[in-house]
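Peer 1: How does the following fold in three dimensions:
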Amino acid sequence: MNRYTVTLTKDEREVLCELTSTGNHNSQKILNALILLRAYPKSVVTYRNFYN
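Peer 2: All right, here's what the predicted structure looks like:
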């Protein structure tokens with residue numbers, strides 16, 4: 001299994017958090033955003049954001 005280093009800027013994290021918590025987006029886009037947020041070590045993904 002390959003491992004990748006995820007580095008996100010503050011702006012990128014904000015966009016991903018907003019995408020997962022608001023609006024009407026397709027499910028695959030939301031899942032991809034959650035995966036990126038979860039992979040970033042300094043990011044805080046709450047239970048509500050991850051499972052909704």
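Peer 1: Sketch out the strands for the protein, chain order is fine.
Peer 2: Taking DSSP state E as the criterion, the chain carries no strands.
Peer 1: From Ala33, how far off is Thr20?
Peer 2: 5 Å (C-beta to C-beta, to the nearest Å). From N, CA and C alone the C-beta is placed, and that goes for glycine too.
Peer 1: Let's test this: name the helix or strand in this protein with the lowest mean pLDDT.
Peer 2: Using mean pLDDT, DSSP states H and E, helix 47-51 stands out as the lowest-scoring helix or strand of the chain, at a mean of 49.
Peer 1: With neighbour numbers in mind, choose between Thr20 and Ala33.
Peer 2: A count of neighbours by other C-beta atoms under 10 Å puts Thr20 above the other of Thr20 and Ala33, at 23 against 20.
Peer 1: Does that one touch Leu37 like I think?
Peer 2: Yes - between Thr20 and Leu37 there is a contact under C-beta atoms under 8 Å: 7.1 Å.
Peer 1: Pull the number of nearby residues for Glu18.
Peer 2: 11.
Peer 1: Same check on Leu37?
Peer 2: Leu37 has 21 nearby residues by other C-beta under 10 Å.
Peer 1: Look up how far Asn26 lies from it.
Peer 2: Leu37 is 17 Å from Asn26, by C-beta to C-beta.
Peer 1: What of Cys17?
Peer 2: 17 Å.
Peer 1: More neighbours: which of those two?
Peer 2: Cys17 (18 against 8).
Peer 1: Look up how far Ala33 lies from that one.
Peer 2: 8 Å.
Peer 1: before we move on, what about Thr5?
Peer 2: 18 Å.
Peer 1: go on, Thr7?
Peer 2: Thr7 is 15 Å from Ala33, where distance means C-beta to C-beta.
Peer 1: got it, and Val15?
Peer 2: Distance from Val15 to Ala33, counting by C-beta to C-beta: 8 Å.
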